[in-house]
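K.L.:
sequence and predicted structure are below.
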Amino acid sequence: MDAKLKETILNPIFKGNPITVLVLGICSSLAVTVTLKGALVMALSVIVVTGISSLILSLLRNTIPGRVRIIVQLVVVAMMVILVDQILKSFEATYAIDKQLSVYIGLIITNCIVMGRIEAFALGNKPWPSFLDGIANGAGYGMILLIVAFFRELLGSGTLFGVDILGRLGYVPNNLVILPPFALILLGCIVSVQRSTQKDLQEK
Amino acid sequence: MNTNSNLYTVIYTTLIVVVVAAVLAFVSQSLKGKQEANEKADTISQMMTAAQFGAKAEFQKMGNKAVLEKYAQEISQAFTVNTKGQKVRDLDLNKVYSPSELKKQNYNIKGQGEAELPVFIFKNGITVVPVYGAGLWGPVWGYLAFQQDGKTIAGAYFDHESETAGLGAKIKDDPEFQHEFVGEQAAFEGADQQDLTKSRVFEIVKGGAPRNADGTSVIDDKIDAITGATMTSQGLEKAIDAWLGAYSNYFLGISAKRAAEEAANQSVEE
């Protein structure tokens, strides 16, 4: 794999993470991180949506009229989101989790990462790198989601993936952790850790 | 080719929209059956959870098919009643009453039309009726199961569209909250026939309903509201009040009939 492609994949996960560095997609990372299961399904859904919309729009990039390009992007992204939602609703295994995530799956449309990566990358690059860029950005988003959800589920409900962990030890779940503000605090901690370990992210 | 000309832009957007619409319509049509089956099994397992045939999680593990089979085994009759307590028509036992239909009836209960409310009676004599109303972020609904006396609650299950996870969502996720309903009695006399939304049939109180020394709830016809979810608790209480208010004539009728039967039995014995 050549260096540029590798950079495309690795950059969004660490140095250019959409949530902690680009500060995109914050809203949903506060909303769907109460349980790990929800966060996982959300992360996978976003990966599919960013990956495939980037691929489709990269294939179309030379034909899209400049004046309506945002609308065309929106139509393709909306289609992908509805497809993901419909498919989640159709399987017995994912029906309950789709119900739990309710509006947030639909709201992937408004997740800035999707449109942001299409606008910044897919419209100017070949399909394969665009696809990888979409997947990688989704993965970078998903990684943060899972880290936040890990702490929120553990401290807020005493469970991990619904399995009782801390409750057994007599831990009383903390209600504050379940509320969105705590996700913001956690996110702040993650950003802080990341910036202190990566010197080139620090502002002078 | 000039991709910026007006004609090109119009044709291009039209084409994209038509293609996307076709894809979505196709997918929606082909997945519709599966989605409806999921919703049906989910609704049935909610009703059966309320009627104490098992915990919701167990039904989820059973899979759709087993849930439907169990329902077919246990259900005895289903019909609709009006707010006067008179039977309107029989319901197909193979079909369920979805939350969207409950929403329709909720408008009727609020006074916009003649309500037609479903009643489900299981073979063990337990009657299940739905309730529906507004929570904090979206609709809340659920099922209350009544003993044969038409007054004592045998069980409850609630669901919601988008209440806060960990707080309002506890109406669904906290079996303890649902368990509190067991044994409580609904005060159907508190129904307001003029305006059903003003009925006072059931109470969900803030600040703690009294509890026994071992932490179990006292049977006092009051339910402990969920801490940190005042709006959801109030919404649920209003939903229960309005719907049970609408069912009041039906259930009062059952109680009266039972009382008459008992009196008749006694006179025979004498």
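P.N.:
It's in.
K.L.:
buried ones in stretch B:21-32?
P.N.:
For stretch B:21-32, burial by neighbour count (16 or more other C-beta atoms under 10 Å in any protein chain shown) applies to B:27, B:31. Yep, even glycine has a C-beta here, placed from its N, CA and C like the rest.
K.L.:
what mean pLDDT does that stretch get?
P.N.:
Averaged across stretch B:21-32, pLDDT comes to 94.
K.L.:
how about the residue of chain A found nearest chain B: what's its closest non-neighbour residue?
P.N.:
Per C-beta to the nearest C-beta, residue A:178 is where chain A lies closest to chain B, at 3.3 Å. When the adjacent residues along the chain are set aside, residue A:178 lies closest to residue B:166, with 3.3 Å between them (C-beta to C-beta, 6 or more residues apart in numbering or on different chains).
K.L.:
is it true that that neighbour touches residue A:156?
P.N.:
Yes. The pair residue B:166 / residue A:156 is scored as a contact, 6.0 Å apart, by C-beta atoms under 8 Å.
K.L.:
which residues are in contact with both of those two?
P.N.:
A shared contact of residue B:166 and residue A:156, defined by C-beta atoms under 8 Å, 6 or more residues apart in numbering or on different chains, is any residue touching both; here these are A:34, A:175, A:178.
K.L.:
which residue packs closest to the first one, ignoring adjacent ones?
P.N.:
Pointing back at residue A:34 there. Using C-beta to C-beta, 6+ apart and skipping residues adjacent in sequence, the residue nearest residue A:34 is residue B:165, 4.0 Å away.
K.L.:
so what's the residue count around that neighbour?
P.N.:
By the other C-beta atoms under 10 Å in any protein chain shown criterion, the neighbourhood of residue B:165 contains 24 residues.
K.L.:
ok, now how distant is it from residue A:26?
P.N.:
As defined by C-beta to C-beta, to the nearest Å, residue B:165 lies at a distance of 18 Å from residue A:26.
K.L.:
kindly report the same for residue A:122.
P.N.:
Residue A:122 is 22 Å from residue A:26, where distance means C-beta to C-beta.
K.L.:
what's near enough to touch the closest residue in space to residue A:200 that isn't next to it in sequence?
P.N.:
In space, not counting the residues next to it along the chain, residue A:200 is nearest to residue A:15; the distance is 7.8 Å by C-beta to C-beta, 6+ apart. Residues in contact with residue A:15, defined by C-beta under 8 Å, 6+ apart, are A:21, A:198, A:200, A:201.
K.L.:
again with residue B:30
P.N.:
Contacts of residue B:30 by C-beta under 8 Å, 6+ apart: none found.
K.L.:
could you say which helix or strand holds residue 182?
P.N.:
Went with chain A since none was named. Taking DSSP states H and E as the definition, residue A:182 sits inside helix A:180-197.
K.L.:
oops, I was thinking of chain B
P.N.:
Secondary structure (DSSP H and E) places residue B:182 outside all helices and strands.
K.L.:
so what does it have for phi and psi?
P.N.:
phi -60, psi 130 (degrees, to the nearest 10).
K.L.:
list the buried residues of the top helix by length along chain A.
P.N.:
Secondary structure of chain A per DSSP state H: the longest helix is helix A:127-157. Counting neighbours by 16+ other C-beta under 10 Å, one finds that the buried residues in helix A:127-157 are A:127, A:129-145, A:147-157.
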